[in-house]
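*Asks:* Need coordinates for the following:
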Amino acid sequence: MIVFFAFISDFDVLLSKYAKNENHRMLITHSIIPSLIIIILGHIIDWPALYISGYGYSIHVLLDTLDWGTNLFYFQKKQIGPKFLISKEEFENISEYLSKYKNPASFFDEKYYNNKICMVIEVLIFILMILSITLLAFPYILLISIYFPFILFHLYRHFNLKKNES
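*Replies:* Below is the predicted model:
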């Protein structure tokens, strides 16, 4: 459950067409609001797995502020964060950059997957996950198998976007 809540917000890519500039990070699911609701609900019903899941959700959203930001508080409809993967010029003229692609999501996808630092971080997080589960929770080692369908979902989407652009 904790693992699931840590990445469930990324399934909002399926709803991208309803977001500003088709950027799924502008949806409420990529704000801090759902995680706060989960955390509060977990504390109210005194279920540690639920509020820890909420913390996992919030960590995911906070980490997403680093690359090109998220609509952290949702209601101001503004991306917050350092936005390391998008220049100020690109951010301020996003419509112009998105118009160069058949699918606007391809802009973000290309920036992310072409960044070596992001790819190294992804690999390091995967290795850390494997080591953590192996050393700290070996009886749950099969949880790793849950990871693969979700990474395959991301990769399928990535290669599909690439194919559609070429």
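
*Asks:* got the residue ranges for the helices in the chain?
*Replies:* Under the criterion DSSP state H, the chain carries helices at the ranges 2-7, 33-44, 48-67, 88-92, 94-98, 105-113, 116-136, 144-165.

*Asks:* Which secondary structure elements does the lowest-mean-pLDDT helix or strand in the chain sit against?
*Replies:* Sorting the helices and strands of the chain by mean pLDDT, DSSP states H and E puts helix 2-7 at the bottom, at a mean of 77. Other helices and strands packing on helix 2-7, by 3 or more CB pairs under 8 Å, 6 or more residues apart in numbering; DSSP states H and E, are helix 48-67, helix 144-165. Using the backbone N, CA and C atoms, a C-beta is placed for each residue, glycine as well.

*Asks:* let's see it at 7 Å
*Replies:* Helices and strands touching helix 2-7, by 3 or more CB pairs under 7 Å, 6 or more residues apart in numbering; DSSP states H and E, are helix 48-67.

*Asks:* returning to that earlier point: can you point out the buried residues in the least confident helix or strand of the chain?
*Replies:* Of the residues in helix 2-7, Val3, Phe5, Ala6, Phe7 count as buried by neighbour count, 16 or more other CB atoms under 10 Å.

*Asks:* picking that back up, output the helices of the chain as a markdown table; include the columns distance to Tyr18.
*Replies:* Listed next are those as a markdown table, based on distance: least, CB to CB, whole Å:
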| stretch | distance to Tyr18 |
| --- | --- |
| helix 2-7 | 20 |
| helix 33-44 | 16 |
| helix 48-67 | 18 |
| helix 88-92 | 21 |
| helix 94-98 | 16 |
| helix 105-113 | 13 |
| helix 116-136 | 26 |
| helix 144-165 | 17 |
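
*Asks:* Please identify the most buried of these.
*Replies:* Among those, ranked by average contacts under mean count of other CB atoms under 10 Å, first place goes to helix 105-113 (a mean of 19).

*Asks:* before we move on, the earlier item: how about the buried residues of helix 2-7 in CSV, adding distance to Ser58?
*Replies:* Putting the buried residues of helix 2-7 into CSV (distance: CB to CB, whole Å) gives the following:
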residue, distance to Ser58
Val3, 15
Phe5, 10
Ala6, 10
Phe7, 13
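
*Asks:* So which of the residues you listed is the closest to Ile28?
*Replies:* Nearest to Ile28 among these is Phe5, at 15.6 Å by CB to CB.
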